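Student: Dropping a prediction and its sequence here:
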Amino acid sequence: MTNFVFEKEITDIMDIVNLKPRKGNDTYRIGDNDDFVVMENIASLPPGKVCLEDHGIILICTEGRAQFEYDGATVQFQKDDLFLYMRNSTACNFMASSNFNCRQIWFTRSELWNINLYARTSLADLSYLKEHPVVHLTQDDLSLLDNYFQLLCRRLKDQTPVLYTDISRALISTMMLEILAILRRGEVRMAESDFQDDKAPGFHKRRMVDKFIHMVEQSDGRIRKVDEFASKLNITPKYLSTILKETMNRRPSDMIQLFTMKAIERRLRFTDMTMQQIANELNFPNASFFGRYFREHSGMTPLEYRVKYHRGEMNN
């Protein structure tokens, strides 16, 4: 492998920064909000330690290479690689070659709802993608994604058509599905490999984590106690925490909260259920407790969330 010189290495800034998508040249959005942003020609990496609270990012390296730590693991990222940065993950110790360049696709959880991508993903996807965030793209992958990217940028530049928002989101949805399909190829290969060798290191731990994730997914936000899931798996809560930390660098409570919020948001956005009805369906003690739970994890009340996104959909 050819040696290369890193352009910079900044490791002494300890404050965690929550980055936001930039504005300006080679940057395109739906309207003026930051729910979905595509960027071309990103040649620099952020200094210090970053943790994106609102966005996930898909990065496609078009030139050079980079290295950084992602939730404690070292990531090597080079030309023709795709990297998925999941929200609430921490990255630091960025280094890049002098010719590094990439494309970026920023997206919020609300935009995934808008394009209905959540209906096609599961926590099992998150388990695999968290452990394997980088995939090397084939020439067919690159050609396909380049076509999508160019078409999407062209549409986002011109916001005059009457159905501009719908057209844009249809393109986004299709492109994101193509990316998800590419990422899932590795998941399928890993599953096939595990099936053929059940004595491989970590096989039984991964299987236990898969069962836990499936149970959380099936509970649809109704079960929120780690002890209850551990009991169903016939293991201790401590052991469940240990294997989840090893395989996903996450706590069981993180995954339970993620899917609980997903269940609540779906009901707030796509049903006319009252707060009491949602609280009853998801086994909260009462509507007041439900409201405090949602506000603690989202920063707004359930009613504020419903009004905000219904208004946003009407404006779009």
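Tutor: Done, it's in. The structure presented is a predicted model; accordingly, all values stated were derived computationally and were not measured. Residues are numbered from 1 along each chain as shown.

Student: The most centrally placed residue in the chain and Phe284: what is the separation?
Tutor: Centroid-nearest residue in the chain: Met86, 3.8 Å away (criterion: C-alpha atoms, centre = their mean). Applying C-beta to C-beta, to the nearest Å, one obtains 27 Å for the distance of Met86 from Phe284. No exception for glycine: its C-beta is placed from N, CA and C like everyone else's.

Student: ok, now how distant is the residue nearest to the centre of the chain from Leu52?
Tutor: 9 Å.

Student: Pull up the overlap in contacts between the two.
Tutor: Shared contacts of Met86 and Leu52 (C-beta atoms under 8 Å, 6 or more residues apart in numbering): none.

Student: low pLDDT regions in this structure?
Tutor: 1-14, 113-128, 186-203, 311-316 (pLDDT under 70).

Student: Which residue ranges of it form strands?
Tutor: 6-9, 16-17, 27-29, 36-42, 49-51, 55-63, 65-70, 73-78, 81-85, 90-97, 101-108, 134-136 (DSSP state E).

Student: To Val307, which of those strands lies closest?
Tutor: strand 101-108 (17.4 Å; C-beta to C-beta).

Student: one step back: quick one: which of the strands of the chain is nearest Arg292?
Tutor: strand 101-108 (23.5 Å).

Student: tell me the angle the closest one makes with strand 73-78.
Tutor: Going by axes from the mean of the first three to the mean of the last three C-alpha atoms, to 10 degrees, strand 101-108 is angled at 130 degrees with respect to strand 73-78.

Student: hey, where'd the helices end up in the stretch 101-250 of the chain?
Tutor: 109-114, 123-131, 139-157, 164-196, 203-219, 226-233, 237-248 (DSSP state H, counting those that start in this stretch).

Student: The ones you listed: which one's closest to Glu63?
Tutor: helix 139-157 (12.6 Å).

Student: got the contact list for the closest residue to Leu303 other than its chain neighbours?
Tutor: Once flanking residues are discounted, Leu303 sits nearest to Met275: 7.1 Å by C-beta to C-beta, 6 or more residues apart in numbering. Taking C-beta under 8 Å, 6+ apart, we find Met275 in contact with Ala287, Phe290, Gly291, Pro302, Leu303.

Student: Quick check: PyMOL command selecting the buried ones in the residues you listed.
Tutor: Entered in PyMOL, the line below selects the buried ones among the contacts of Met275, by 16 or more other C-beta atoms under 10 Å:
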select buried, resi 287+290+291+302
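
Student: which one among the contacts of Met275 gets closest to Thr90?
Tutor: Pro302 (28.6 Å).

Student: from what I can see the closest one touches Phe290, true?
Tutor: Yes: contact status for Pro302 versus Phe290: in contact at 7.2 Å, counting by C-beta atoms under 8 Å.

Student: any common contacting residues for the two?
Tutor: Met275, Ile278.

Student: count of residues packed around the residue nearest to Arg87 when sequence neighbours are not counted?
Tutor: Excluding its sequence neighbours, the residue lying closest to Arg87 (C-beta to C-beta, 6+ apart) is Gly56, at 4.8 Å. Per other C-beta atoms under 10 Å, the neighbour tally for Gly56 reads 19.

Student: and Gly56, how far is that from Leu240?
Tutor: For Gly56 relative to Leu240 (C-beta to C-beta), the value is 25 Å.

Student: Run a quick neighbour tally on the spatially closest residue to Met261 that is not a sequence neighbour.
Tutor: Using C-beta to C-beta, 6+ apart and skipping residues adjacent in sequence, the residue nearest Met261 is His297, 5.7 Å away. By other C-beta under 10 Å, 12 other residues sit near His297.

Student: swap in Pro285?
Tutor: 10.
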